[in-house]
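J.: Here is a sequence together with a model predicted from it:
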Amino acid sequence: MWYFLFLAGLTIAVIAIWPFSMERRRTVIGPTERHGAAGEFAQLSQGVTHYRWMGSSRGPVAVVVHGLATPMDSMESVAEGLGTLGYRVLLYDLYGRGLSDAPGGLQDRAYFHRQLSDLLAYHGLTEELTLVGYSMGGSIVTAYAAEHPFLVKRVILFATTGLVVNETWFARFCRRTPILGDWLHALLAQRRIERAIPERGQTKEIDKVLRAQRRELHRRGYLPGILSSRRGMLSEVQHYEHTQLGKKGIPVIAIWAESDSIIPLSALGKLAEWNRNARHEVVPHADHALPYSHGRELIEALRDALRN
């Protein structure tokens, strides 16, 4: 009898540990992976951050923050477009994404704001900043601008979270359920994400981002970071922050994707209610991938918004 109980206990232990052992076998980002990468690396208080300057060599600074699941590669078309508008553009990989380190801790606003504050201090950037955020990056820059209005000249949001977000049952269950949610996410998240990434993109720009997404899945800290961000930064509803931006007179431009299944257009109405001074543009036929699938149209929409 004791033998069968031992086998049953061993089986349960193996099942419990297996998904987390998969994470331990993934690649830790280090000098080998970073060698020859475009951009540079800064040692900040939480770890190494991968960053890159693009656009104009002079002019106002725009700091671009990418979304939950894709590294800064996804924002290159946006950075190039901002460069044509005269901006000097600073892109960087959030912790746990791209070639930045993946320090532990809940990935809430304090976690991401510390990285952003450290990076701004590293470059001596202290005023007149345009903060640009896509998806979760929109929540990061919205909260940052509300807390540090003296640094910010303008906020530009692309399909931002913090208003209305459609979640899958899997994401909702894992976010809301400690322990079991962690185990299920460690077991199934990679497979689910892989199935959601198309084999090939319609353009070279899209294909480059899809390859970057696949690489992320083999880096240690990425999948736990996705879940941690869902429980942290993405759990915020930013009514107060958007109201404060309106009251403090910080210009906000929000650009939305017409066919976005993750951030529906009802988010536009919510933001318009919370901040009546915000300007809105909609990119026709675009989905949530709009920064790299409709980069040119997005910049044209931004150009129109800046003119008015």
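T.: Received it, and whenever you're ready, just let me know what you need.

J.: Which strand or helix spans the most centrally placed residue in the chain?
T.: Central residue of the chain (C-alpha atoms, centre = their mean): residue 67, 1.9 Å from the mean position. Applying DSSP states H and E as the criterion places residue 67 outside every helix and strand.

J.: Can you check what pLDDT the model gives residue 19?
T.: Per-residue pLDDT puts residue 19 at 72.

J.: which element is it on?
T.: Assigned by DSSP H and E, residue 19 falls in helix 2-24.

J.: List the contacts of the residue nearest to residue 202 when sequence neighbours are not counted.
T.: In space, and not counting its chain neighbours, residue 202 is closest to residue 293: 7.7 Å by C-beta to C-beta, 6 or more residues apart in numbering. In this view, the C-beta of every residue, glycine as well, is placed from N, C-alpha and C. If a contact means C-beta atoms under 8 Å, 6 or more residues apart in numbering, then residue 293 has 201-203, 205-206, 286-287 as its contacts.

J.: can we see that at 10 Å?
T.: 74, 77, 201-203, 205-206, 209, 257, 283, 285-287 (C-beta atoms under 10 Å, 6 or more residues apart in numbering).

J.: From those residues, pick the one nearest residue 137.
T.: Set against residue 137, the nearest of the contacts of residue 293 by C-beta to C-beta is residue 74 (9.7 Å).

J.: which of the residues in the helix or strand that contains residue 141 are buried?
T.: Using DSSP H and E, the secondary-structure element containing residue 141 is helix 136-147. Counting neighbours by 16 or more other C-beta atoms under 10 Å, one finds that the buried residues in helix 136-147 are 136-146.

J.: Between these, which sits nearest residue 169?
T.: Out of those, the member with the shortest distance to residue 169 (by C-beta to C-beta) is residue 136, at 19.8 Å.

J.: Make sure that closest one is actually in contact with residue 229.
T.: Yes: between residue 136 and residue 229 there is a contact at 6.3 Å, judged by C-beta atoms under 10 Å.

J.: Now for those two: what residues contact both?
T.: 67-69, 94, 107, 112, 161.

J.: As a check, name the ranges of all helices in the stretch 201-308 of the chain.
T.: 204-216, 222-231, 239-247, 266-274, 290-293, 295-307 (DSSP state H, counting those that start in this stretch).

J.: Please work out which of those is packed deepest.
T.: Mean neighbour count (mean count of other C-beta atoms under 10 Å) peaks for helix 290-293 among the helices of the stretch 201-308 of the chain, with a mean of 26.

J.: Average pLDDT for it, rounded please.
T.: Averaging pLDDT residue by residue across helix 290-293 gives 95.

J.: Report the distance from the helix holding residue 141 to the chain centre.
T.: 11 Å (C-alpha atoms, centre = their mean, to the nearest Å).

J.: Compare the helices of the stretch 201-308 of the chain and give me the one nearest residue 167.
T.: Using C-beta to C-beta, the nearest of the helices of the stretch 201-308 of the chain to residue 167 is helix 222-231, at 8.2 Å.

J.: relative to helix 136-147, how tilted is the closest one?
T.: 50 degrees (axes from the mean of the first three to the mean of the last three C-alpha atoms, to 10 degrees).

J.: how much does helix 222-231 deviate in direction from helix 204-216?
T.: Using the same axes, to 10 degrees: helix 222-231 against helix 204-216 is 100 degrees.

J.: For the stretch 1-150 of the chain, give me the ranges with low pLDDT.
T.: 1-18 (pLDDT under 70).

J.: Mind jotting down where the strands sit in it?
T.: Here the stretch 1-150 of the chain has its strands, by DSSP state E, counting those that start in this stretch, at 40-43, 48-55, 61-65, 88-92, 129-134.
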